[in-house]
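Colleague: need a structure here:
(one chain, ligands or ions: 1)
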Amino acid sequence: MIDYFTEDRSAEQVNGRIGPATSPRLAHVMTSLVNHLHAFIKDVELTEEEWAAAISFLTRSGQICSDTRQEFILLSDILGVSMLVDAINHRQPEGATETTVFGPFHVDGAPERQMGDSISLDGKGETCLFEGRVLDLDGNPVEGALIDVWSDNEDGFYDVQQPGVQPPFNNRGIFRTGADGRYAFRGIRPVSYPIPHDGPAGQLLDALGRHPWRPAHMHFMVTAPGYRRVITHLFVSGDPYLESDAVFGVKASLITPFERVDRDSETWRAAYDFVLQAE
Ligand SMILES: [Fe+2]
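Modeller: Numbering: from 1, shown residues only. Next comes the predicted model:
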(Lines give C-alpha, C1' and ligand atoms only; values in the text may rest on other atoms or scores of the structure.)
Protein backbone atom coordinates (compact mmCIF):
# COMPACT_ATOMS: atom_id res chain seq x y z
CA MET A 1 0.00 0.00 0.00
CA ILE A 2 1.28 3.46 -0.88
CA ASP A 3 2.04 5.60 2.16
CA TYR A 4 0.44 8.88 1.08
CA PHE A 5 0.89 12.00 3.24
CA THR A 6 -1.34 12.27 6.32
CA GLU A 7 -1.59 14.86 9.05
CA ASP A 8 -1.08 12.27 11.76
CA ARG A 9 2.08 10.69 10.38
CA SER A 10 3.54 13.69 8.51
CA ALA A 11 6.96 13.85 10.17
CA GLU A 12 7.48 10.13 9.98
CA GLN A 13 6.60 10.17 6.27
CA VAL A 14 9.03 13.00 5.46
CA ASN A 15 11.83 11.38 7.46
CA GLY A 16 11.13 8.04 5.79
CA ARG A 17 12.49 9.48 2.52
CA ILE A 18 16.03 9.98 3.85
CA GLY A 19 18.32 7.87 1.71
CA PRO A 20 20.63 5.11 2.99
CA ALA A 21 23.81 6.97 1.89
CA THR A 22 23.01 10.05 4.00
CA SER A 23 25.61 10.84 6.64
CA PRO A 24 24.42 9.57 10.04
CA ARG A 25 24.82 13.00 11.64
CA LEU A 26 22.81 14.77 8.92
CA ALA A 27 20.10 12.11 9.13
CA HIS A 28 19.96 12.51 12.92
CA VAL A 29 19.82 16.32 12.79
CA MET A 30 17.23 16.48 10.00
CA THR A 31 15.00 13.83 11.56
CA SER A 32 14.91 15.78 14.81
CA LEU A 33 14.38 19.07 12.97
CA VAL A 34 11.43 17.70 10.97
CA ASN A 35 9.92 16.12 14.10
CA HIS A 36 10.10 19.39 16.04
CA LEU A 37 9.01 21.54 13.09
CA HIS A 38 5.93 19.43 12.39
CA ALA A 39 5.08 19.26 16.12
CA PHE A 40 5.38 23.06 16.32
CA ILE A 41 3.10 23.61 13.31
CA LYS A 42 0.53 21.23 14.79
CA ASP A 43 0.83 22.85 18.22
CA VAL A 44 0.02 26.35 16.93
CA GLU A 45 -2.20 25.13 14.06
CA LEU A 46 -0.36 27.45 11.70
CA THR A 47 -2.65 29.40 9.38
CA GLU A 48 -1.90 29.90 5.70
CA GLU A 49 -1.51 33.65 6.32
CA GLU A 50 1.04 32.96 9.06
CA TRP A 51 2.89 30.53 6.79
CA ALA A 52 3.07 33.21 4.06
CA ALA A 53 4.22 35.80 6.62
CA ALA A 54 7.00 33.45 7.75
CA ILE A 55 8.18 32.92 4.17
CA SER A 56 8.19 36.70 3.62
CA PHE A 57 10.04 37.28 6.90
CA LEU A 58 12.80 34.82 5.99
CA THR A 59 13.02 36.18 2.45
CA ARG A 60 13.45 39.74 3.72
CA SER A 61 16.00 38.51 6.26
CA GLY A 62 18.12 37.08 3.47
CA GLN A 63 17.69 40.11 1.24
CA ILE A 64 18.96 42.56 3.88
CA CYS A 65 22.16 40.54 4.40
CA SER A 66 25.41 41.89 2.95
CA ASP A 67 29.14 41.57 3.63
CA THR A 68 28.61 43.77 6.69
CA ARG A 69 25.02 42.94 7.71
CA GLN A 70 24.12 39.47 8.98
CA GLU A 71 20.42 39.36 9.81
CA PHE A 72 20.41 35.61 10.54
CA ILE A 73 23.02 36.03 13.29
CA LEU A 74 20.86 38.80 14.74
CA LEU A 75 17.81 36.50 14.67
CA SER A 76 19.81 33.68 16.26
CA ASP A 77 21.03 36.13 18.91
CA ILE A 78 17.65 37.60 19.86
CA LEU A 79 16.03 34.14 20.03
CA GLY A 80 18.70 32.94 22.46
CA VAL A 81 19.96 30.36 19.96
CA SER A 82 23.49 31.78 19.80
CA MET A 83 23.87 31.62 23.58
CA LEU A 84 22.39 28.12 23.71
CA VAL A 85 24.82 26.82 21.07
CA ASP A 86 27.63 28.54 22.95
CA ALA A 87 26.55 26.97 26.25
CA ILE A 88 26.37 23.46 24.79
CA ASN A 89 29.77 23.77 23.12
CA HIS A 90 31.63 25.43 25.99
CA ARG A 91 30.83 23.56 29.18
CA GLN A 92 33.89 24.67 31.06
CA PRO A 93 35.70 23.72 34.23
CA GLU A 94 35.47 26.01 37.23
CA GLY A 95 37.84 28.94 36.89
CA ALA A 96 38.07 29.06 33.08
CA THR A 97 36.92 32.33 31.49
CA GLU A 98 33.31 32.05 30.41
CA THR A 99 32.29 32.53 26.80
CA THR A 100 29.52 34.54 25.22
CA VAL A 101 28.15 35.39 21.76
CA PHE A 102 30.54 36.06 18.89
CA GLY A 103 28.17 38.61 17.37
CA PRO A 104 28.04 39.82 13.77
CA PHE A 105 30.73 42.52 13.89
CA HIS A 106 34.05 40.65 14.06
CA VAL A 107 36.39 41.29 11.13
CA ASP A 108 39.24 38.98 10.17
CA GLY A 109 42.64 40.50 9.55
CA ALA A 110 42.71 43.29 12.12
CA PRO A 111 46.24 44.68 12.49
CA GLU A 112 48.55 43.25 15.15
CA ARG A 113 49.56 46.11 17.41
CA GLN A 114 52.25 46.63 20.05
CA MET A 115 51.34 46.16 23.71
CA GLY A 116 50.09 49.47 25.09
CA ASP A 117 48.98 50.81 21.70
CA SER A 118 45.61 52.44 21.18
CA ILE A 119 42.96 50.80 19.02
CA SER A 120 40.86 53.99 18.82
CA LEU A 121 41.66 55.65 15.50
CA ASP A 122 38.87 58.25 15.41
CA GLY A 123 39.87 59.95 18.66
CA LYS A 124 36.32 59.79 19.98
CA GLY A 125 35.20 58.52 23.33
CA GLU A 126 36.66 58.32 26.82
CA THR A 127 40.00 56.56 26.87
CA CYS A 128 40.16 53.26 28.70
CA LEU A 129 43.19 51.18 29.57
CA PHE A 130 42.51 47.46 29.31
CA GLU A 131 45.05 45.25 31.03
CA GLY A 132 45.57 41.89 32.64
CA ARG A 133 47.07 38.51 31.98
CA VAL A 134 46.34 35.36 30.02
CA LEU A 135 46.70 32.38 32.35
CA ASP A 136 46.18 28.63 32.33
CA LEU A 137 43.95 26.90 34.88
CA ASP A 138 46.92 26.52 37.24
CA GLY A 139 47.63 30.26 37.16
CA ASN A 140 50.70 30.05 34.91
CA PRO A 141 51.12 32.80 32.27
CA VAL A 142 50.35 31.79 28.70
CA GLU A 143 52.95 33.01 26.22
CA GLY A 144 52.10 33.66 22.58
CA ALA A 145 48.37 34.14 23.16
CA LEU A 146 46.66 36.29 20.52
CA ILE A 147 44.09 38.70 21.91
CA ASP A 148 41.77 39.95 19.17
CA VAL A 149 39.62 42.84 20.42
CA TRP A 150 36.83 44.92 18.92
CA SER A 151 34.30 47.45 20.18
CA ASP A 152 31.91 50.11 19.02
CA ASN A 153 32.92 53.78 19.00
CA GLU A 154 31.53 56.58 21.12
CA ASP A 155 28.47 56.82 18.86
CA GLY A 156 27.59 53.14 19.38
CA PHE A 157 28.62 51.89 15.92
CA TYR A 158 31.28 49.44 14.77
CA ASP A 159 33.57 50.62 11.96
CA VAL A 160 31.95 48.23 9.48
CA GLN A 161 28.57 49.85 10.09
CA GLN A 162 29.96 53.26 9.07
CA PRO A 163 32.29 52.84 6.11
CA GLY A 164 33.58 56.24 5.03
CA VAL A 165 32.73 57.68 8.46
CA GLN A 166 35.01 55.63 10.70
CA PRO A 167 38.54 54.64 9.62
CA PRO A 168 38.89 50.94 8.76
CA PHE A 169 39.85 48.85 11.84
CA ASN A 170 38.76 51.62 14.21
CA ASN A 171 38.57 50.10 17.70
CA ARG A 172 40.09 46.81 16.54
CA GLY A 173 43.45 45.19 17.04
CA ILE A 174 45.35 42.04 17.88
CA PHE A 175 47.88 41.80 20.72
CA ARG A 176 50.35 38.98 21.38
CA THR A 177 51.41 38.07 24.92
CA GLY A 178 55.02 37.59 25.94
CA ALA A 179 56.44 35.20 28.54
CA ASP A 180 54.66 37.03 31.39
CA GLY A 181 51.24 36.51 29.77
CA ARG A 182 50.46 40.20 30.22
CA TYR A 183 48.42 42.35 27.89
CA ALA A 184 47.64 46.06 27.85
CA PHE A 185 46.05 48.33 25.30
CA ARG A 186 44.11 51.54 25.09
CA GLY A 187 40.61 51.67 23.70
CA ILE A 188 37.53 53.56 24.72
CA ARG A 189 35.08 52.89 27.48
CA PRO A 190 32.48 51.15 25.29
CA VAL A 191 28.92 52.44 25.16
CA SER A 192 25.64 50.52 25.06
CA TYR A 193 24.12 50.28 21.58
CA PRO A 194 21.02 48.88 19.89
CA ILE A 195 21.57 45.94 17.56
CA PRO A 196 20.62 46.88 13.98
CA HIS A 197 16.84 47.02 14.25
CA ASP A 198 15.74 48.50 10.92
CA GLY A 199 15.07 45.03 9.45
CA PRO A 200 13.16 41.84 10.24
CA ALA A 201 14.97 41.21 13.56
CA GLY A 202 14.00 44.70 14.75
CA GLN A 203 10.40 44.21 13.60
CA LEU A 204 10.20 40.97 15.56
CA LEU A 205 11.60 42.62 18.71
CA ASP A 206 9.10 45.42 18.32
CA ALA A 207 6.17 43.03 17.86
CA LEU A 208 7.21 41.20 21.03
CA GLY A 209 7.52 44.36 23.12
CA ARG A 210 11.30 43.95 23.44
CA HIS A 211 14.03 46.60 23.11
CA PRO A 212 17.10 46.14 20.88
CA TRP A 213 19.77 47.37 23.34
CA ARG A 214 22.96 45.64 24.40
CA PRO A 215 24.88 46.64 27.52
CA ALA A 216 28.29 48.23 26.82
CA HIS A 217 31.03 45.66 26.22
CA MET A 218 34.46 45.05 24.72
CA HIS A 219 34.75 41.93 22.55
CA PHE A 220 37.67 39.53 23.05
CA MET A 221 38.77 36.45 21.16
CA VAL A 222 41.75 34.81 22.87
CA THR A 223 43.64 32.00 21.16
CA ALA A 224 46.85 30.23 22.11
CA PRO A 225 48.51 27.04 20.85
CA GLY A 226 47.35 24.07 22.94
CA TYR A 227 44.37 25.88 24.47
CA ARG A 228 40.68 26.12 23.66
CA ARG A 229 39.71 29.38 21.99
CA VAL A 230 37.74 31.81 24.16
CA ILE A 231 35.25 34.18 22.53
CA THR A 232 33.80 36.53 25.10
CA HIS A 233 33.04 40.10 26.17
CA LEU A 234 33.87 42.24 29.17
CA PHE A 235 30.73 44.10 30.20
CA VAL A 236 30.88 47.54 31.81
CA SER A 237 29.52 47.20 35.35
CA GLY A 238 26.59 49.45 36.14
CA ASP A 239 25.25 49.48 32.59
CA PRO A 240 21.44 49.85 32.60
CA TYR A 241 21.00 46.99 30.07
CA LEU A 242 22.94 44.28 31.92
CA GLU A 243 19.70 42.60 33.00
CA SER A 244 17.92 42.85 29.66
CA ASP A 245 20.62 42.34 27.00
CA ALA A 246 18.72 41.87 23.72
CA VAL A 247 20.89 38.84 22.90
CA PHE A 248 21.12 37.27 26.42
CA GLY A 249 24.93 37.49 26.38
CA VAL A 250 25.60 38.63 29.95
CA LYS A 251 27.23 36.34 32.52
CA ALA A 252 28.03 37.54 36.03
CA SER A 253 31.71 36.59 35.74
CA LEU A 254 32.13 38.88 32.71
CA ILE A 255 30.82 42.07 34.37
CA THR A 256 33.92 44.12 34.96
CA PRO A 257 34.45 47.25 37.04
CA PHE A 258 35.53 50.17 34.86
CA GLU A 259 37.21 52.64 37.19
CA ARG A 260 38.57 56.12 36.65
CA VAL A 261 42.37 56.11 36.74
CA ASP A 262 42.13 59.07 39.12
CA ARG A 263 39.20 61.01 40.48
CA ASP A 264 39.07 63.82 37.92
CA SER A 265 40.41 61.83 35.03
CA GLU A 266 38.51 60.98 31.87
CA THR A 267 40.72 57.96 31.53
CA TRP A 268 39.27 54.65 32.67
CA ARG A 269 40.84 51.33 33.53
CA ALA A 270 39.44 47.80 33.22
CA ALA A 271 41.48 44.87 34.48
CA TYR A 272 40.70 41.26 33.68
CA ASP A 273 42.68 38.00 33.64
CA PHE A 274 41.67 35.48 30.98
CA VAL A 275 41.96 31.84 32.05
CA LEU A 276 42.29 29.30 29.25
CA GLN A 277 41.49 25.61 29.31
CA ALA A 278 44.01 23.24 27.73
CA GLU A 279 42.79 21.59 24.55
FE1 LIG B 1 29.24 44.11 20.36
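
Colleague: Could you list the paired strands of the helix or strand of the chain with the lowest mean pLDDT along with their orientation?
Modeller: Ranking every helix and strand in the chain by mean pLDDT, DSSP states H and E puts strand 259-260 at the bottom, with a mean of 92. Sheet pairing for strand 259-260, assigned by DSSP bridges, gives strand 268-271 (antiparallel).

Colleague: Show me which positions of the partner strand end up buried.
Modeller: Within strand 268-271, the residues scored as buried using 16 or more other CB atoms under 10 Å are 268-270. From N, CA and C alone the C-beta is placed, and that goes for glycine too.

Colleague: Report the buried residues of stretch 266-279.
Modeller: 268-270, 272, 274-277.

Colleague: Same question for stretch 77-84.
Modeller: Quick answer for stretch 77-84 (16+ other CB under 10 Å): 77-78, 81-83.

Colleague: hmm, who's touching that stretch?
Modeller: Applying CB atoms under 8 Å, 6 or more residues apart in numbering, the contact partners of stretch 77-84 are 73, 75-76, 100-104, 195, 201, 204-205, 210, 246-249.

Colleague: likewise stretch 150-165?
Modeller: Under CB under 8 Å, 6+ apart, the answer for stretch 150-165 is 68, 105-107, 110, 119-120, 122, 124-126, 166-172, 187-188, 190-194, 196, 217-219.

Colleague: Show the end-to-end separation of that stretch, please.
Modeller: 17 Å (CA to CA, to the nearest Å).

Colleague: pLDDT averaged over it - what is it?
Modeller: Across stretch 150-165, pLDDT averages out at 95.

Colleague: now stretch 197-217
Modeller: Rounded mean pLDDT across stretch 197-217 is 98.

Colleague: what about the strands in the stretch 51-200 of the chain?
Modeller: Taking DSSP state E, counting those that start in this stretch as the criterion, the stretch 51-200 of the chain contains strands spanning 127-136, 146-150, 172-176, 182-188, 193-194.

Colleague: For residue 10, give its distance to residue 125.
Modeller: From residue 10 over to residue 125 the distance is 55 Å, taken as CB to CB, to the nearest Å.

Colleague: got it, and residue 248?
Modeller: 26 Å.

Colleague: do the same with residue 144
Modeller: 30 Å.
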